[in-house]
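Trainee: Sequence first, then the predicted structure:
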Amino acid sequence: MNVNANEKSYLIHLISAAINEKKADKPPENLNWELVYKLACFHSVSNMIYYSTRNLEDTYKPPKDIGEKMYFDYKKAMAREATQHLMVEMLLEKFEENKIECMPLKGYIIKHLYPSADMRTMGDVDILYKEEKTPLVREIMKNVGYALENKGDKHEKYYKKPCITIEMHKILTDNMEPYLSYYKNIWEKVINREQSEYIYKLSKEDFYIYLVVHYTIHFKKYGSGIRNIIDIFMYNKHFKNELDLEYIKSQLGKLNLLEFEKNSRALANMWFNGETKNKDFDKLYIEMGDYILSSGVYGTVKNGALLSLIENDVKEIDSKKAKHMFGLRLFFPPLKKMKKIFKVLNVLPFLLPVFWIIRLILGFLYRKDRSIKRLETVYSAKEIDLKKLKDLYERVGIFN
């Protein structure tokens, strides 16, 4: 998304004012409010910046049509948060009654650290549970009005009108290592939520580690947006005098995430606390920040395609070879991946070529545009751009 520096920096300023509960400065001259709003929507923070813009002097407020859109997003987020919270707490009560071990994750927990919980929007609510309870979970979800929309190895997705999507997770992360191994015995790390026997939570330290891991996974796959950096800032701001930093460092060290967490936290402090280091570090954080601003809430197809070219070739990029390998993996995934899509291959793996053809037909019918966009992105990528992206990932601490 192409947005000028003025609009980027003022959006960050508006977010900072909102989460720090301060009055925003007047906007720079010739600010394009429409671009500010579009960028805020791209990162799902348009409701958040309403808190800042509503306190601007009338002379400096956004145009009426933009202001009305922000107000609508703010009211919508308030209603959504209230509905989500009520429905999820009712669901957790059902799980408690039926002795289903579970643990709400991510946004549902961290939203309480924001000045107002509705600032931290959520597309869905994530809950971890013990996989052996799946039949009982399905029965309860059906009984309370949720429709099962998607079954998967990692999670099952449920929906209930008007706006509640629940992802019931069987594992805490995806299959990316070393995170999968680290969380293999996650139920040994949990502690009971207050006044609950079967609803759990992580310690303050383990929740922060998970926050960083989840953010890292997004960053590695597609890039990641502003909201993860805000979460990191809010968590450190809220618990800065309570965290066992030595434990956090030791665990992040095991996951090779010390450098990335440090740089992400430094960027958060630069954006929302006005902290600077020195010219070299500030340059890195400016580059990191620009990349995040271009990524949207969950990253982009373009980022994902480019990252797939360099993820398996960190030391030396052979762009032609990488592009051809990407094309082959896109159209002919390995058996391990295909087994997750077509369960029959777990029993009849020799049918892999047949299901490659079936997958190609389905992709052409339902995902043609996305696949074409990914291919176009990959084959038009210049080697210098790949090297710049690889260099940025190395310097922020992803490839080290």
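Mentor: Cool, the structure landed. Numbering: from 1, shown residues only.

Trainee: ok now stretch 141-151, how far from the chain's centre?
Mentor: On the basis of CA atoms, centre = their mean, to the nearest Å, stretch 141-151 sits 24 Å off its chain's mean C-alpha point.

Trainee: What lies in contact with stretch 3-21?
Mentor: 22-25, 27-28, 30-32, 35-36, 38-40, 45, 48-49, 51-53, 114-115, 119, 226, 230, 233-234, 271-273, 289-290, 293 (CB atoms under 8 Å, 6 or more residues apart in numbering). Backbone N, C-alpha and C define where each C-beta goes, glycine included.

Trainee: What of stretch 72-86?
Mentor: For stretch 72-86, the surrounding residues in contact (CB under 8 Å, 6+ apart) are 41, 46-47, 50-51, 108, 111, 117-119, 121-122, 125, 162-164.

Trainee: which among the residues you listed end up buried?
Mentor: 41, 46-47, 50-51, 108, 111, 117-119, 121-122, 125, 164 (16 or more other CB atoms under 10 Å).

Trainee: Filter those down to just the ones in strands.
Mentor: Mapping these onto strands (DSSP state E) picks out 125, 164.

Trainee: Report the two of the buried ones among the contacts of stretch 72-86 separated the most.
Mentor: 51 and 164 (24.4 Å; CB to CB).

Trainee: and stretch 31-50, how far apart are its ends?
Mentor: Start to finish, the residues bounding stretch 31-50 are 16 Å apart (CA to CA, to the nearest Å).

Trainee: Report the contact partners of the residue sitting furthest away from the middle of the chain.
Mentor: Here the chain reaches farthest from its C-alpha mean at residue 350, the gap being 36.5 Å by CA atoms, centre = their mean. Contact partners of residue 350, counting by CB under 8 Å, 6+ apart, are absent.

Trainee: and what of the one 10 residues further on?
Mentor: Residue 360 is in contact with residue 331, counting by CB under 8 Å, 6+ apart.

Trainee: coming back round to it: let's have the buried ones among the contacts of stretch 72-86 in CSV, adding distance to residue 12.
Mentor: Formatted as CSV, those follow (distance: CB to CB, whole Å):
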residue, distance to residue 12
41, 15
46, 14
47, 16
50, 16
51, 14
108, 25
111, 20
117, 22
118, 20
119, 15
121, 18
122, 22
125, 27
164, 31
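
Trainee: Quick check: helices, which of the buried ones among the contacts of stretch 72-86 are part of them?
Mentor: 41, 46, 47, 50, 51, 108 (DSSP state H).

Trainee: Quick check: pLDDT value at the second one.
Mentor: pLDDT recorded at residue 46 is 96.

Trainee: hmm, back to that, look up how far residue 23 lies from the residue farthest from the centre of the chain.
Mentor: Distance, residue 350 to residue 23, using CB to CB, to the nearest Å: 68 Å.

Trainee: Surely residue 232 and residue 212 touch.
Mentor: Yes - taking contacts as CB atoms under 8 Å, residue 232 lies within contact range of residue 212: 7.3 Å.

Trainee: Now list whatever residues contact both of these two.
Mentor: residue 264.

Trainee: By neighbour count, which bits of stretch 81-90 are buried? Give me those.
Mentor: For stretch 81-90, a neighbour-count test (16+ other CB under 10 Å) marks 81, 84, 85, 87, 88 as buried.

Trainee: quick check, residue 141 in a strand?
Mentor: No - counting by DSSP: H, G, I helix; E, B strand; the rest coil, residue 141 is not part of a strand but helix.

Trainee: That one against residue 157, yeah?
Mentor: No - using CB under 8 Å as the test, residue 141 is too far from residue 157 to be in contact (10.5 Å).

Trainee: what touches both of the two?
Mentor: Taking CB under 8 Å, 6+ apart as the contact rule, residue 141 and residue 157 both touch 148, 166, 168.
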